[in-house]
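Visitor: Provided below for reference: sequence and predicted model.
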Amino acid sequence: MSIGQDVGSWRELGRHTSTAAVLAGGVLVGAITIYVAASLLPTAIQDIGGRPLYAWTMTAFLVTQVVATMLVGQALSRFGGKGSYLAGFGVFAAGSVLCAVSPSMPVLLLGRGTQGLGAGLLTGLGFALIHSALPPRLWSRGSALISAMFGVGNFAGPALGGFTAQFGSWRSAFAVLAVAAVALAIFVPRALPDGERPAQAPPVPVVSLTLIVGAAGAVSVAGILSDVLAMAALITLGLALVGAFLVTENRSSASVLPASVYRRGARPRWIYLTIMVLASGVAVETFLPLFGQRLGGLPPAAAGFFAAALSLGWSVSQLVSASARKTRRLVLAGPACLAIGFIVLGLLQTEQPSLPVVLAWLPVLFFGGTGIGIAMPHLSVAAMTSAPDGEGGRAAAAIATVLTMSTAFGAAVAGLLVNLGAASVVASARWLLFGFAAISALGLLTARRAV
């Protein structure tokens with residue numbers, strides 16, 4: 001199947017309801033967990049302390065999530081699809097329970113790390129099993145549905161965390177996630193086909209994994225430093241580790257991405273790079289509520305909708321564009337829409353903007369989000385179908401790894417850009433938005449090679 005080929009209908013996907021629910025549900029609980037902590041942590045630290053470790057709650061989750069997505073092949077080989085899903089839901093539920101009963105911040109961090117392991121496995125399995133659990137005609141629909149769960153999570157996560165924190169029961173948010181994981185696990189045995197386990201598990205890419213986690217960590221630390229020289233040194237280190245990661249991947253038999261990505265003139269490399277550019281743009285959402293409160297004078301609940309606007313555009317456009325047959329223009333338009341959205345939003349950032357200007361942020365964010373949504377499902381299908389015979393499953397699983405790595409790196413780069421604005425919120429907003437506009441514009445170059 002190539003970009004532009006006929007796709008199945010949503011009604012046809014409905015005949016695989018239980019399968020789609022498990023695949024999408026696993027991604028959804030992980031997506032909710034990314035965002036739920038941000039809205040309840042201010043209340044949690046009043047209860048258990050640990051303010052100096054505040055930022056590490058996201059870091060612990062994202063790092064372990066990246067690690068887990070790289071272990072999907074080993075899980076499938078050892079446990080099969082059903083067993084791997086049950087393990088993923090079990091680990092996620094255990095981490096959620098640990099967070100719910102945390103007496104201190106270190107224990108909460110341990111719970112968040114455990115949640116990340118489960119969420120990463122579930123996210124990787126969701127994309128990997130599209131290839132085997134659904135017919136090829138439905139890969140585009142399935143990819144759109146699963147990818148849309150990240151946008152849904154940005155609605156449900158803050159809502160769940162904020163609601164429970166407001167009523168003085170932040171722990172119950174994690175309990176709800178644990179119950180949801182157990183409920184979804186009940187459907188696994190009858191929702192997924194038995195399938196064949198890979199004869200041999202792919203080796204764990206330990207060196208590549210260490211390098212990419214180290215690179216994300218270096219950029220993350222750079223984002224919280226005020227010393228320019230130290231910041232520059234860590235950014236340089238991060239870039240060097242990324243370079244070492246690419247060299248290692250190209251030479252090693254144990255790689256994160258399929259071997260076809262590193263062949264001369266390979267189309268898959270441009271597909272994955274375009275996915276990475278688009279997915280990293282979601283990191284902007286983290287700071288939109290801050291800008292809404294500090295610049296727009298909005299209350300916290302209202303400011304939260306500005307982050308949701310980007311995800312809403314992403315989610316809605318994915319579900320609509322999944323039915324498109326001629327998708328080359330959509331893939332090319334994706335990075336352009338995202339870049340334009342960030343540029344326009346950056347130009348709208350001023351001190352004490354009027355209410356009409358602040359309200360104008362919403363359609364601009366929605367427009368930018370559509371750039372991600374109109375391209376992402378078709379890029380996912382292209383990654384699976386452009387891989388040589390025998391690499392389709394691995395190519396599908398690699399999508400989740402690329403998405404989680406992009407989230408981790410995007411968050412690190414976003415923190416760095418905001419820090420460059422120093423004490424000025426307007427300057428921070430412009431650094432962030434224009435910086436990610438430039439990153440998104442790079443997607444115009446990669447998308448041309450991807451299609």
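Guide: Alright, I've got the coordinates.
Visitor: what are the buried residues along stretch 236-248?
Guide: Neighbour counts using 16 or more other C-beta atoms under 10 Å place L237, G238, L241, V242, A244, F245, T248 of stretch 236-248 among the buried residues. Every C-beta, even on glycine, is put in place using the N, C-alpha and C of the backbone.
Visitor: please save the CA atoms from it in PDB.
Guide: Output of stretch 236-248 as PDB, limited to C-alpha atoms (Å, rounded to 0.1, in the frame of the first residue of the first chain):
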ATOM      1  CA  THR A 236      26.700  20.800  22.200                       C
ATOM      2  CA  LEU A 237      26.900  17.600  24.200                       C
ATOM      3  CA  GLY A 238      23.300  16.800  23.300                       C
ATOM      4  CA  LEU A 239      23.900  17.300  19.600                       C
ATOM      5  CA  ALA A 240      27.100  15.200  19.800                       C
ATOM      6  CA  LEU A 241      25.200  12.400  21.400                       C
ATOM      7  CA  VAL A 242      22.500  12.600  18.700                       C
ATOM      8  CA  GLY A 243      25.300  12.300  16.100                       C
ATOM      9  CA  ALA A 244      26.800   9.400  17.900                       C
ATOM     10  CA  PHE A 245      23.300   7.800  18.000                       C
ATOM     11  CA  LEU A 246      23.000   8.100  14.200                       C
ATOM     12  CA  VAL A 247      26.400   6.600  13.600                       C
ATOM     13  CA  THR A 248      25.800   3.800  16.000                       C
END
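Visitor: looking at the buried residues of stretch 236-248, which is nearest A119?
Guide: F245 (22.5 Å; C-beta to C-beta).
Visitor: Y262: neighbouring residues, count only.
Guide: By the criterion of other C-beta atoms under 10 Å, Y262 has 16 neighbours.
Visitor: in contact with G368, which residues?
Guide: G281, L310, G313, C337, L338, I340, G341, F342, L345 (C-beta atoms under 8 Å, 6 or more residues apart in numbering).
Visitor: where is pLDDT lowest across those residues?
Guide: Lowest in pLDDT among these is L310, which has 84.
Visitor: quick check, pLDDT for R51.
Guide: We have a pLDDT of 69 for R51.
Visitor: same question, the one 10 residues further on
Guide: Per-residue confidence (pLDDT) for F61: 85.
Visitor: that one: how many residues sit nearby?
Guide: For F61, using other C-beta under 10 Å, the count is 26.
Visitor: roughly how far does it sit from S104?
Guide: Shown here: F61 relative to S104, a distance of 17 Å by C-beta to C-beta, to the nearest Å.
Visitor: same question, L444
Guide: Counting by C-beta to C-beta, the gap from L444 to S104 is 48 Å.
Visitor: between those two, which one's more packed in?
Guide: Shown here are L444 and S104; by other C-beta under 10 Å, L444 has more neighbours (17 against 12).
Visitor: quick one: mean pLDDT for whatever helix or strand the more buried one lives in?
Guide: Here L444, judged by DSSP states H and E, is contained in helix 425-450. For helix 425-450, mean pLDDT rounds to 93.
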